[in-house]
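> Need a 3D model of the sequence below.
(3 chains, ligands or ions: 2)
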Amino acid sequence: QTELIFSSFLPPHDDLHQIGVVEFAEAIEKESGGTIDVTIPDTSLAPSDRQYEMVRDGVADMALISSGTVRQLVALNQLSDLPGMSPSSRAASIALWETYNKYFLPLDEFKGVKVLAVRALPGRQVLVVNGKPIESVDGFAGVKLWSPPGRLTQVAGLIGAVPVNSEFPELFEYVSKGTVDAVIITPASAAGARILDKATSYTKVPGGLGSLSHSVVISQERWDALDADQQAAVLRAAEGLSARLGESQDAGEAEVAEIVAKLPMTELTGDQQAKLDALFAGVVDQWKAAAQEKGLADPDEVIAFYKSVLDRELAVQQ
Amino acid sequence: MIRKLNHGLELVCRVVSGASVVVMASVAFLDSIGRPLAHPLPGGSEMVSHALMLFFFSSLPLVVKADAHIRVGLLTDFYSAPMKRVEHALTVLLETLAMAVLAWMVLDQAARLMRFGTESVYFQMPVGPWVLVAGGFCVIAVWFALWILLAPATEAERLARASHADNKVE
Amino acid sequence: MMISALVFAALLALITLTRVPLGLAMLFTGAGGIALLHPRGLPAALAVAEQQVMSLAFNYQFSVLPLFILMGVFIVRAGMAADLFEAARRWMGHLPGGVGMATIVACGGFAAMCASSAAAAATMARIAIPEMKKANYDAGFAAGSVAAGGTMGILIPPSGALIVYGLLTEQSIGELFVAGVIPGLMQVLVYIGVMAMVAWLRPDWAPVGERHSLADRFQSLSAVWGVVVLFLVIMAGLVRGWFTATEAGGIGAGGAFLFLVLRGKLTWEVFKGSLLETARISTMIFVVAAGALVLNQFINLSGVSGATVDYISSLNLSPFMVVLVFVAFYLVLGCLMDGFAMIFLTVPIIAPIIAGLGYDLIWWAIVTVVVVEISMITPPVGLNVFILRAMLPNVPVLQIFRGVLPYIAGDFVRVALILAFPGLALWLPHLVS
Ligand code: NA
Ligand code: NA
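Numbers count the residues shown, from 1 in each chain, chains lettered A, B, ... in the order given. Ligands and ions are numbered 1, 2, ... in the order given. Got it, this is the predicted structure:
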């Protein structure tokens, strides 16, 4: 029997942990006919931003890697994290997974690990909490906008807002004490942070202001040490995992749809959307440049492919 | 000569540690005032956390030198005088070894971070060199520990150190 | 299980038979345990230990500790601890046990500026003991009053113990501080009650002091309003969410520095000395915290917590009985052990169990801190008593322990109240959120 240590930095109730770690681990054990035993420690063996290193160092065999925390290593997979790229978590996760296998895998960006599934969160939207609806791109000027660190902070600055960062647990306090005017988040995450009931209006950006993507990985060394049957078993367990991970996120959003429907909503479409696209062109160019540096010949082709999968899956979901 | 070196090393530690705590306090102060005025200090928490890291590691040699560690030693009060001497020698030896391993660990961590190119979240600067500096301070701490190990304190010095017990915190 | 027993035995041997620093002992037994348990052995253990140490050093939330320690150091050097006592003495001195009551009130006031119990006891000893001596207090009881009063340092915010608890259990430090306010006030009241009772039963232990004119009394307040304002700003800011706990620390240290300047007490020597003292105190705690986090990873990997939970649930005790068992365990352990060591060693194992039973971890934080407070004055190992003993070479340690007894009795009342009425700890934080 082979033991695999699967370390997760997420709390037990998180969907990604439940489906991507607990259920996936059970599926691996079952598919392998008991020749693989997956151990999940009670808490992570490393901080959330050092999961990749943890696997490379052999402290754990399997883990979840958030692309945003290892930007210097993982540039290509951040395609789904760009503005407008995640209209649905399921569609974006499938698009990223197919794009990864077709274009990114040959470039071997994930050194030392094998990617088994990916997930892109639903595109981040804007929930206003100070009672003053944001109905146009210009409406963001000077708004104290809570945003996760990284690219979304950059995006918040590009639309003229004042980005305010904090740890996620402090979000509740920032909102309830009026420290921020609006929050870059999705309604379901807002419900998770207990701030959805504090929202006064909803400003929707098609495809979102950006997203955060994760990868489920196994150490390459450990993978190579598995026999052919075991490898096949892991791959069977991983089949459709990206889609399932995305689906659970969309389902989470659907659960709060009724509450969201009661909020005054503005969707930034048409010329407003064009205005956003123009503001965000630089962000997309940054990704293209990074992708070319990693050896991707034609980033535009890859974006087109990604979007074609998005369209295909969105049509299926309708 | 060595006395002068020790003095210099201690001065470096004091300056870095003092400057870090001043930076921490000022940044935390300014950030909290700036935020309500829509001028948060960009990357404020990252500045604080880097200052904190430098603060701890630059203070570590000072803790070793002042013998200010938290110790338990539940049964050592009941030892006979010769036993106490044995215990003292053993404790100082173990402590020096432990500090040496800790220094090695921090340097190893710096090497890992550099190999990996890990960057900080906000300023996107490499983390490795910072940890390398921390490793340097650990080496100074080992040097001070060795100094205590090899140059047994006079009774007066021991008493002087023991008086720091007043500073012990709960 | 064998390995866990081995690791804990090694740790216990190191900290009882030698005086190896607690933090280093935890760090290396923890790492050794991981090396024994982990299929990848020593390299994995080192990787885990290194990361734990560094991530603590970089932890933004932990910066609250040096900042509040700095605040307390500045306050003492600005002479404000002495002023607090003087004001309390003028208002209460004429009552039976009045100077003692003033000591308790000043301890509470200073606790609101200082994150540590030992520092509170040492500071107040220098100020209050000579005055109680002058007023013919029983020497052991006077020392016991300061030892017990000093324990408030970790209950009334800011509190080093609550900061560490918050880090170990991922609770909001701001919320924990707010939760400490009412139980802290309650401690002041209970201790004043103890003082009144002693003054009534044993007037020779705590006699009546001199009376001050109303003008004198009000005049003394002019020196303490600064402390009150600073505490109110910090607590209001935490409650209203104007700033985080770390920023509150920045404001506290900044405000205390301002007092130092305004009172003309700031010299280059004082400034340097304050920074050095802050560095020493903070870093000795950092070393223990880092070691505890490594040991936590070992406990995490070993499944000891899970096994303990299974064992306890197999006993079929009611949740409240489990709570009582843990409190009793803490009281016994507290007789023998240093308070800080107790928090670091037990919170990672016990807090998840309490949470699993459905209790609020903020409430449990207050219960834990109160039993840790008691541990500092219970024989045979009581840190605050030892500090008083070190500062008063002519008072036998047994006499101080005797002087502390009435307060321990009061402490049992406090524990019972907080266990019976969780609202004492939770009402204020809930009001806030
Ligand atoms: Na305090
Ligand atoms: Na005790």
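> in the stretch 101-250 of chain A, which spans are helices?
A:151-158, A:171-176, A:187-192, A:220-225, A:228-238, A:241-255 (DSSP state H, counting those that start in this stretch).
> Quick one: these as a markdown table, columns for mean pLDDT, mean neighbour count and distance to residue B:52 too.
For glycine as for every other residue, the C-beta is placed from the backbone atoms N, C-alpha and C. As requested, the helices of the stretch 101-250 of chain A are exported to a markdown table (pLDDT from 0 to 100; neighbours: other C-beta atoms under 10 Å in any protein chain shown; distance: least, C-beta to C-beta, whole Å):
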| stretch | mean pLDDT | mean neighbour count | distance to residue B:52 |
| --- | --- | --- | --- |
| helix A:151-158 | 91 | 21 | 22 |
| helix A:171-176 | 80 | 20 | 21 |
| helix A:187-192 | 89 | 21 | 29 |
| helix A:220-225 | 92 | 15 | 35 |
| helix A:228-238 | 95 | 16 | 40 |
| helix A:241-255 | 93 | 20 | 35 |
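> how about those helices, which one is nearest ligand 1?
If you check each of these against ligand 1 by C-beta to the ion, helix A:171-176 wins as the nearest, at 21.6 Å.
> from the chain's centre, how far out does the closest one sit?
23 Å (C-alpha atoms, centre = their mean, to the nearest Å).
> That helix - contacts with which helices or strands?
In terms of contacts (3 or more C-beta pairs under 8 Å, 6 or more residues apart in numbering or on different chains; DSSP states H and E), helix A:171-176 is packed against strand A:144-146, strand A:182-185.
> how about those strands, which one is nearest ligand 2?
Ligand 2 lies closest to strand A:144-146 among these, at 45.5 Å (C-beta to the ion).
> What residues does the stretch 101-250 of chain C have near ligand 1?
Counting by C-beta under 5 Å from the ion, the stretch 101-250 of chain C comes close to ligand 1 at C:111, C:153, C:156, C:159.
> Mind doing that once more with 8 Å?
The stretch 101-250 of chain C comes close to ligand 1 at residues C:111-116, C:120, C:152-160, C:180, C:184, as judged by C-beta under 8 Å from the ion.
> from the residues you listed, which would you call buried?
Burial by neighbour count, judged by 16 or more other C-beta atoms under 10 Å in any protein chain shown, picks out C:111-116, C:120, C:152-160, C:180, C:184 from those.
> out of those residues, who's near chain B?
The subset of these within reach of chain B, by C-beta under 8 Å from any C-beta of the partner chain, is C:115, C:116, C:153, C:154, C:160.
> Distance check, the fourth one against residue C:375.
Spelled out, it's residue C:154. Counting by C-beta to C-beta, to the nearest Å, the separation of residue C:154 from residue C:375 is 11 Å.
> same thing with the first one?
Here the criterion is C-beta to C-beta. By it, residue C:115 lies 17 Å from residue C:375.
> how about stretch A:230-241 as PDB, C-alpha atoms only?
Output of stretch A:230-241 as PDB, limited to C-alpha atoms (Å, rounded to 0.1, in the frame of the first residue of the first chain):
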ATOM      1  CA  GLN A 230      -2.200   3.300  -9.500                       C
ATOM      2  CA  GLN A 231      -1.500   6.200 -11.900                       C
ATOM      3  CA  ALA A 232      -4.600   5.200 -14.000                       C
ATOM      4  CA  ALA A 233      -6.600   5.000 -10.800                       C
ATOM      5  CA  VAL A 234      -5.600   8.600  -9.800                       C
ATOM      6  CA  LEU A 235      -6.500   9.800 -13.300                       C
ATOM      7  CA  ARG A 236      -9.900   8.100 -13.200                       C
ATOM      8  CA  ALA A 237     -10.600   9.800  -9.800                       C
ATOM      9  CA  ALA A 238      -9.500  13.100 -11.300                       C
ATOM     10  CA  GLU A 239     -11.800  12.800 -14.300                       C
ATOM     11  CA  GLY A 240     -14.200  15.700 -14.500                       C
ATOM     12  CA  LEU A 241     -12.900  17.100 -11.200                       C
END
